[in-house]
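Chemist: Okay, here's the prediction I keep looking at, along with the sequence it came from:
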Amino acid sequence: MRDQSIEFIMAGRRHRRRRWILVTSLLAALACALCCAMLLLGNTIYPVKDVIASLSGEKIKGVTFAVNTIRLPRMLTGLFAGFAFGIAGHTFQTMLRNPLANPNVIGITSGSSAAAVFCIVVLQASGAVVSLASVIAGLATVLFIYVLSRGKVFSIGRLILIGIGIQAMLDAVISYLLLVSSEKDIPAAIRWLTGSLNGSQMSALPPLVITVLICSPIIILLGKHLSILELGEQSAFSLGVDTDRTRIALIVGSVCMVAIATATTGPIAFVSFLAGPIAKRLVGAGALNSIPAGLVGINLVLGADLIGQFAFEYRFPVGVITGLVGAPYLIFLLMRMNRKGEL
């Protein structure tokens, strides 16, 4: 009887592992296909051999500029920003055991955006200054929300409600900054608020790439601890997890990625909100979903950008398309949580 139980458990583990490998591979293949589409498609569709030759350093009239200067930075920005939004959103939702607890809803991206807009319209800054201010503001926002939500006993519901209130306040600050700014600064500021890959440049990529390459392995390595934190504070502590240090490492890593991604593309709506639940639905419960969530984030950003560019008569920023997809899901989630008495 005992051997049968062990064999049953091992069979379940093997099935979950095979499903994780299959789903992750398919998501990675889809991401690669979307990356190729980003390089091939545009006002002019270039042959594959010309695109490869251009990427290899060969100078081809028209192709080299379009691919290397416009399409490649746009694709890489969407790739790394999508992964950052996806893995960070999943981390917050799992750690706080609530699908609403993601950077978009609890005000973290609003803090980064407010700092970025302030740097643009008031300080007339750009580049590294905006990125640094965005990271500092994101960390300060999450720290402020965490301190206010502790009280006598830490409450996830209180954290979410305070985060929503902070988000509303920061959105008001952004609106005020736009009202008092000069006309020439408004287009650049609006780009942050809608979330767009337009105007992506290779020079703006290093901070995003470095942050993702440093922070995402930390979050992935802490994946087992993240799953244990989902069981609750006392259960995690009894299983030997240093909850405070683990939570701090996960929060700092996630906020840094979200802040830098927001500084690069603007707050692309609902990617961090959708990526985790989609990955969990595809991979299944009990699996480590950090990597699948990051891949889902990539597919959402690149897919939405292609739809925004080619599916309509007019071109729309990627944040508009993800907002159209994410807003109905948010309403559905709120209605379902209300029926279950979770709100």
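Modeler: Arrived safely, thanks for sending. Residues are numbered from 1 along each chain as shown.

Chemist: Buried residues in the lengthiest helix in the chain, which are they?
Modeler: The longest helix of the chain (DSSP state H) is helix 2-40. When neighbours are counted by 16 or more other CB atoms under 10 Å, the buried residues of helix 2-40 are found to be 16, 20, 23-24, 27, 30-31, 34-35, 37-40. The C-beta positions use only the backbone N, C-alpha and C, and glycine is treated the same way.

Chemist: of the residues you listed, closest to Gly199?
Modeler: Gly199 lies nearest to Met38 out of the buried residues of helix 2-40, by CB to CB, at 14.9 Å.

Chemist: mind listing the helices for the stretch 151-300 of the chain?
Modeler: With DSSP state H, counting those that start in this stretch, the ranges of helices along the stretch 151-300 of the chain come out as 156-180, 186-194, 205-221, 223-229, 233-238, 243-265, 271-283, 290-310.

Chemist: Check those for me: which has the lowest mean pLDDT.
Modeler: Least confidently modelled of the helices of the stretch 151-300 of the chain is helix 233-238, at a mean of 67 by mean pLDDT.

Chemist: by contact count, what packs against the longest helix of the chain?
Modeler: helix 48-55, helix 72-95, helix 271-283, helix 290-310 (3 or more CB pairs under 8 Å, 6 or more residues apart in numbering; DSSP states H and E).

Chemist: which of those helices sits most buried?
Modeler: Each of those was assessed for mean neighbour count using mean count of other CB atoms under 10 Å. The highest is helix 72-95, with a mean of 27.

Chemist: Identify the spatial nearest neighbour of Met38, chain neighbours not counted.
Modeler: Beyond its immediate neighbours in the sequence, the residue positioned closest to Met38 (CB to CB, 6 or more residues apart in numbering) is Met75, lying 3.9 Å away.

Chemist: How about Cys215?
Modeler: Closest residue to Cys215 apart from its sequence neighbours, by CB to CB, 6+ apart: Gly253 at 4.0 Å.

Chemist: what's around the one you found, how many residues?
Modeler: By the measure other CB atoms under 10 Å, the count of residues near Gly253 is 22.

Chemist: Buried ones in stretch 38-47, by neighbour count?
Modeler: Met38, Leu39, Leu40, Tyr46.

Chemist: Tell me the buried residues in stretch 182-200?
Modeler: Going by neighbour count (16+ other CB under 10 Å), the buried part of stretch 182-200 is 185-186, 188-189, 191-198, 200.

Chemist: Please name the residues that touch the residue nearest to Cys215.
Modeler: Residues in contact with Gly253 (CB atoms under 8 Å, 6 or more residues apart in numbering) are Ala88, Thr91, Cys215, Ser216, Ile218, Ile219.

Chemist: Need the three-state assignment for Tyr314.
Modeler: Counting by DSSP: H, G, I helix; E, B strand; the rest coil, the backbone at Tyr314 sits in coil.

Chemist: if I look at it, how far off is Val320?
Modeler: Look at Tyr314 and Val320: by CB to CB, to the nearest Å, they are 10 Å apart.

Chemist: now the buried residues of stretch 182-200 as TSV including distance to Ile108?
Modeler: Formatted as TSV, the entries for those read as follows, by distance: CB to CB, whole Å:
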residue	distance to Ile108
Asp185	24
Ile186	24
Ala188	22
Ala189	19
Arg191	19
Trp192	14
Leu193	15
Thr194	18
Gly195	14
Ser196	19
Leu197	21
Asn198	24
Ser200	22
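
Chemist: Tell me the one of those residues nearest Pro328?
Modeler: Within these, proximity to Pro328 (CB to CB) peaks at Gly195, which comes in at 17.7 Å.

Chemist: so the closest one makes contact with Gly266?
Modeler: Yes - between Gly195 and Gly266 there is a contact under CB atoms under 8 Å: 4.2 Å.

Chemist: what's the overlap in contacts for those two?
Modeler: By the contact definition CB under 8 Å, 6+ apart, Gly195 and Gly266 are jointly contacted by Gly319.

Chemist: what's the nearest residue to Gly82 if we skip its chain neighbours?
Modeler: The nearest residue in space to Gly82 (CB to CB, 6+ apart) is Val301, at 3.4 Å.

Chemist: Could you report the distance from the one you found to Asn102?
Modeler: Distance of Val301 to Asn102, computed by CB to CB: 15 Å.

Chemist: And Val252, by the same measure?
Modeler: Here the criterion is CB to CB. By it, Val252 lies 16 Å from Asn102.

Chemist: Give me the more crowded residue out of these two.
Modeler: Taking other CB under 10 Å, Val252 and Asn102 do not tie; Asn102 has more neighbours (30 against 15).

Chemist: Look at the more buried one and give its secondary structure.
Modeler: When the structure is reduced to helix, strand and coil (three-state DSSP), Asn102 reads as coil.

Chemist: Just the pLDDT at it, thanks.
Modeler: At Asn102, the pLDDT value in this model is 74.

Chemist: my guess is it meets Gln93, correct?
Modeler: Yes - between Asn102 and Gln93 there is a contact under CB under 8 Å: 5.6 Å.

Chemist: Overlap of the contact sets of the two?
Modeler: When contacts are counted by CB under 8 Å, 6+ apart, Asn102 and Gln93 have Gly276 as shared neighbours.

Chemist: related to what we said a few turns ago, please name whichever of the helices of the stretch 151-300 of the chain is nearest to Arg336.
Modeler: helix 271-283 (11.5 Å).

Chemist: ok so, going back, the buried residues of helix 2-40 into TSV, with extra columns for pLDDT?
Modeler: Supplementary listing: the buried residues of helix 2-40 in TSV, determined by pLDDT from 0 to 100:
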residue	pLDDT
Arg16	77
Trp20	85
Val23	91
Thr24	91
Leu27	94
Leu30	95
Ala31	94
Leu34	94
Cys35	93
Ala37	91
Met38	91
Leu39	90
Leu40	88
